[in-house]
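Asks: Okay, sequence plus prediction incoming.
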Amino acid sequence: MPKRLLVIQVAGLGHDFFVGHNGGEEWEGLRFRPAESVFPAVTCTVQASFRTAALPAEHGMVFNGVYNRALRRPSFWEQSSGLVAGRRIWEGLRAAGKRVGLLFWQQSLGEDVDVLLTPWPIHKHHGGMIEAVYSRPAGLYDDLVRRLGKRFKLMSYWGPLASRKSSRWIAAATCEVMRMSHLAPDLLLTYLPHLDYALLRHGPSNAKKVPGAFSDLTALLESLLETARATGYEVLIFGDYAFADARRPLFPNRLLREKGLLAVRGVRGHLYPDFHYSRAFAVVDHEVAHVYTRDAADVPEVVKAFLEMDGVDEVLTGKAIAAAGIGHPNSGEAVLVAEEGAWLAYPWWTERRERPDYATHVDIHNKPGFDPCELLFGWPPPSVSTDPTRVGGSHGRVGKGREVAWAASLDLKPAPSDLIALAKAVESVMRSP
């Protein structure tokens with residue numbers, strides 16, 4: 001077993017993307033190999049699959065959120081670890097008296113680990129919020145703020161001001177945790193998010209904006225590698241999904257509304273979805289959407305509508321959903337996959353005046369769909385854009401050309417060809433004598 005292992009999960013690190021910007025697979029003595037991601041290739045699904053070494057059909061995180069069928073309410077980016085079912089790859093390690101750390105991973109609140117950092121702001125009653133980072137041990141975040149001389153800024157983590165500053169703070173905090181001899185975990189998992197922002201805003205082929213984000217990434221990885229080597233850590237780096245240029249938004253909920261399947265509720269001129277009386281609605285997440293129906297008898301009509309929708313590549317149901325690894329009660333009755341170059345947007349309204357109040361705000365928990373427009377300013381600032389044609393890239397599909405990159409300083413044999421196998425290899429190597 002290696003003395004210690006640092007796992008660095010890099011958002012948006014596709015293999016073809018890495019090789020193209022790096023000029024090859026070799027970097028700083030490491031070789032970045034390709035691996036197939038998990039479907040759908042989105043943050044929460046991949047992170048849940050890695051820490052359980054299981055498919056979404058088992059752990060239940062079938063997208064970046066959850067649809068509560070009892071409440072009839074979709075929500076995104078909920079942080080309870082209870083949303084991820086199954087055993088963790090570090091359970092044997094902790095049973096042997098070793099320590100585990102989890103920094104800025106999704107669904108980490110309540111996770112059975114020794115060291116934990118995750119944003120957990122307090123939303124004020126009359127609007128606004130108090131920025132806060134939850135930590136375990138309780139004083140760890142304040143200690144890191146003293147050491148680093150700055151607090152973690154949530155605006156750098158998501159929204160129009162999201163930037164490399166988020167990754168810089170997380171990388172610096174990770175280095176400090178490795179240096180804390182009394183606290184340093186035997187297995188430490190951390191996360192670098194900023195490459196995702198550039199790829200969502202501009203698309204991976206943008207030659208002006210994206211190379212700078214890649215250079216920032218390699219600089220941060222160099223600092224993490226240097227600290228890891230100095231503190232006795234082996235290193236594993238892996239990407240969660242691969243981006244594609246995607247400038248064509250699709251609107252499944254508009255189609256469902258046209259077909260009389262999505263019900264809406266008018267409040268002061270704004271249109272809100274009525275999940276209680278809708279026969280069907282789509283919860284979108286990048287290139288994939290789950291379509292939920294109240295009655296199984298409506299599924300054929302839903303499938304027919306989307307098979308005829310220009311830009312939809314696949315409509316999965318039943319056995320096809322199971323074959324894709326997402327055969328779980330949390331999945332929709334149908335799952336849509338967009339064509340290359342397209343992505344799925346959540347709006348159901350067509351007139352600007354009909355848009356709901358949260359459309360122009362960063363509201364990651366309540367919007368019934370992932371909204372990449374939150375990375376872009378609208379007019380007037382600080383509102384966010386409601387123009388989906390400004391989005392440059394997306395992800396979620398898997399297969400040829402969508403492999404992610406991974407590299408390790410320790411020898412993993414045979415070399416894993418997918419992320420589930422990579423997670424199992426980590427568990428195995430951390431258990432070995």
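Replies: Yep, it's here.

Asks: counting contacts, what elements does the helix of greatest length in the chain pack onto?
Replies: The helix that spans the most residues within the chain, counting by DSSP state H, is helix 210-231. On a contact count with 3 or more C-beta pairs under 8 Å, 6 or more residues apart in numbering; DSSP states H and E, helix 210-231 meets strand 5-10, helix 15-22, helix 164-179, strand 187-192, helix 194-202, strand 234-239. Glycine gets a C-beta too; all of them are placed from N, C-alpha and C.

Asks: And the contacts of that helix?
Replies: Here helix 210-231 makes contact (C-beta atoms under 8 Å, 6 or more residues apart in numbering) with 4, 6, 8, 10, 13, 21-22, 27-28, 164, 167-168, 171-172, 174-175, 178-179, 184, 190, 192, 194-195, 197-199, 202-204, 233-235, 237, 409.

Asks: are any of those residues buried, and which?
Replies: The neighbour count (16 or more other C-beta atoms under 10 Å) marks 4, 6, 8, 10, 13, 27, 164, 167-168, 171-172, 174-175, 178, 184, 190, 192, 194-195, 197-199, 202-204, 233-235, 237, 409 as buried among those.

Asks: Residue 15 reaches residue 400, doesn't it?
Replies: No: judged on C-beta atoms under 8 Å, residue 15 makes no contact with residue 400 at a distance of 11.1 Å.

Asks: between the two, who's got more neighbours?
Replies: residue 15 (22 against 6; other C-beta atoms under 10 Å).

Asks: Distance of that one relative to residue 418?
Replies: Look at residue 15 and residue 418: by C-beta to C-beta, to the nearest Å, they are 12 Å apart.

Asks: and for those two, which residues touch both?
Replies: Going by C-beta under 8 Å, 6+ apart, residues that sit against residue 15 and also against residue 418 are residue 35.

Asks: Turn the helices and strands packed on helix 210-231 into CSV, columns for distance to residue 423 and mean pLDDT.
Replies: Formatted as CSV, the entries for those read as follows, by distance: least, C-beta to C-beta, whole Å; pLDDT from 0 to 100:
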stretch, distance to residue 423, mean pLDDT
strand 5-10, 10, 98
helix 15-22, 17, 98
helix 164-179, 20, 98
strand 187-192, 11, 98
helix 194-202, 21, 98
strand 234-239, 9, 98
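
Asks: Tell me how far residue 277 lies from residue 422.
Replies: Note on residue 277: its distance to residue 422, by C-beta to C-beta, is 44 Å.

Asks: Looking at these two, which is more packed in?
Replies: Between residue 277 and residue 422, residue 422 has the larger neighbour count (other C-beta under 10 Å), namely 23 against 12.

Asks: and that one, that's in a helix?
Replies: Yes: with DSSP: H, G, I helix; E, B strand; the rest coil as the criterion, residue 422 is part of a helix.

Asks: ok now do it, which residues does it touch?
Replies: Shown here is residue 422, whose contacts under the criterion C-beta under 8 Å, 6+ apart are 35, 50, 236, 238, 406, 412, 416.

Asks: Which members of those occur in strands, if any?
Replies: Restricting the contacts of residue 422 to those inside strands, with DSSP state E as the criterion, leaves 35, 236, 238, 406.

Asks: So among the residues you listed, which ones count as buried?
Replies: Among those, those classed as buried by 16+ other C-beta under 10 Å are 35, 236, 238, 406.

Asks: Throw those into TSV and include distance to residue 145, thanks.
Replies: Written out in TSV, the entries for these read as follows (distance: C-beta to C-beta, whole Å):
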residue	distance to residue 145
35	36
236	28
238	29
406	32
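
Asks: What is the nearest of the residues you listed to residue 370?
Replies: residue 238 (21.9 Å; C-beta to C-beta).

Asks: which ones are touching the nearest residue to the closest one once chain neighbours are set aside?
Replies: The shortest distance from residue 238 to any residue that is not its chain neighbour, by C-beta to C-beta, 6 or more residues apart in numbering, is 3.9 Å, and that residue is residue 406. Contacts here follow C-beta under 8 Å, 6+ apart; on that basis residue 406 touches 32-33, 35, 236-239, 416, 422.
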